[in-house]
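Trainee: coords please:
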Amino acid sequence: MTYVFTCLDVHHLITNCRVKVCKDGLPERQIVKDAWLEVARTNSTKLKISHVEDLVDKQSDAIAKTTFSTEVQSVMEQLGYKNEADFCRLVRNFYEAEDDPGINALQRCLRRLEFRDWLLKDVNFGKFPPFGSHILGLPQVMFQGFLTNIERRIQIFPFIKSGCYNVRSLGSLEAENFFGEFQDLDPKGSGVIKAEEIPVALEMACQLNHTRLRDDRPFHMSLSRAKVYPFHELEQECPKDNENMATDSYLYPSHVGNIVPKNHIFDAKLRAKRKAKRKKVEITGPNDAARGVAPVRQHHKCDESKILPHKRLGINIL
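Mentor: Model prediction:
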């Protein structure tokens, strides 16, 4: 029997949540968007007015973390926005449980369940008429995305023979990065390859990843086209805990009565010393070069993707 655990990527969930609360708020749950706007107007945090009003870079993970950061929560409490401050704490704890190293596996589950209780508060699926596109202010896709992510990450423990897993291993970003490497393999540099080129591209990408991760690689391997980035040696992981990785006591999931979370190497306190470096979220000054500026000749450059399909086929639709 095959079990499939499906869940939306936590990074996409938190960025969509940031857009939702900054654009509309959650008035059905007594959460107003003015709280973030007032915090931005104080100019005492990294959250700026452009992040809230203009929703700059909607898919930025760094800006989403800033939106629900501790400093934003503190300013909200000073301004009297208690519900919004508590919501920032819940979302931040949930995101840290799915992304930060050095957090105990049980503590991760407790953070998930606390956010789950908030999601299901005052939600009655037995009433009529049923919920439509939104469930107490939250879009249905976002609501289900948070719930399935929380529940699947807890339910998956008995299905793993070692009883533990790396929380970062569940998601779609790894697959996105893998297919992003096709851009380097494409002669045109666009990353768009033909159907007959996919098997060769997959084989090359797998070989490159395998070679890059080899501990005994006898030669230097440049991991970036830009020469300004320093070369980083592969760091050794924390020593494996043989007791946690043991599979002798594995039980079939249908025979498991209780779920017992076990710590992975990623959950060890020693692993918390190594944290990923995040991009900055500051808005550039008026005299500095703005980020994301389109090229001057963008309106004159040939881009056939802007031509409608029926026009490319020569079909005239009145």
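
Trainee: Give me the distance from the longest helix seen in the chain to the chain's centre.
Mentor: Secondary structure of the chain per DSSP state H: the longest helix is helix 82-99. Centroid separation for helix 82-99 versus its chain: 14 Å, with C-alpha atoms, centre = their mean, to the nearest Å.

Trainee: okay, it in CSV with CA atoms only?
Mentor: Provided in CSV are the C-alpha atoms of helix 82-99 (Å, rounded to 0.1, in the frame of the first residue of the first chain):
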residue,chain,number,x,y,z
LYS,A,82,-3.4,43.0,20.6
ASN,A,83,-5.0,40.6,18.2
GLU,A,84,-2.7,41.5,15.4
ALA,A,85,0.4,41.1,17.7
ASP,A,86,-0.8,37.7,18.8
PHE,A,87,-1.3,36.7,15.1
CYS,A,88,2.2,37.8,14.3
ARG,A,89,3.5,35.5,17.1
LEU,A,90,1.5,32.5,15.9
VAL,A,91,2.6,32.8,12.3
ARG,A,92,6.2,33.5,13.2
ASN,A,93,6.3,30.5,15.6
PHE,A,94,4.7,28.3,12.9
TYR,A,95,7.2,29.4,10.3
GLU,A,96,10.2,28.9,12.6
ALA,A,97,9.0,25.4,13.4
GLU,A,98,9.2,24.5,9.7
ASP,A,99,12.4,26.3,8.8
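
Trainee: hmm, who's touching it?
Mentor: For helix 82-99, the surrounding residues in contact (C-beta atoms under 8 Å, 6 or more residues apart in numbering) are 10-11, 14, 17, 21, 26, 29-32, 35-36, 65, 67-70, 72-74, 76-77, 103, 107-108, 111-112, 114-115, 118, 146, 149-150, 153, 167-168. (Each C-beta comes from the backbone N, C-alpha and C, glycine too.)

Trainee: which of those count as buried?
Mentor: The neighbour count (16 or more other C-beta atoms under 10 Å) marks 10-11, 14, 17, 21, 26, 29, 31-32, 35-36, 65, 67-69, 72-73, 76, 103, 108, 111-112, 115, 146, 149-150, 153, 167-168 as buried among the contacts of helix 82-99.

Trainee: residue ranges with poor pLDDT in the stretch 1-150 of the chain?
Mentor: Within the stretch 1-150 of the chain, the stretches with pLDDT under 70 are 1-2.

Trainee: Mind listing what's buried along stretch 80-89?
Mentor: Buried residues in stretch 80-89, defined by neighbour count with 16+ other C-beta under 10 Å: 81, 84, 85, 87, 88, 89.

Trainee: the helices in this protein, which residues?
Mentor: So, for the chain - with DSSP H - the helices run 10-23, 34-42, 49-52, 61-67, 70-79, 82-99, 105-120, 140-155, 173-180, 182-185, 198-212, 309-312.

Trainee: Tell me which of those helices sits most buried.
Mentor: helix 61-67 (a mean of 22; mean count of other C-beta atoms under 10 Å).

Trainee: Residue 292: which of the helices of the chain is closest?
Mentor: Checking the helices of the chain against residue 292 by C-beta to C-beta gives helix 49-52 as the closest, at 12.2 Å.
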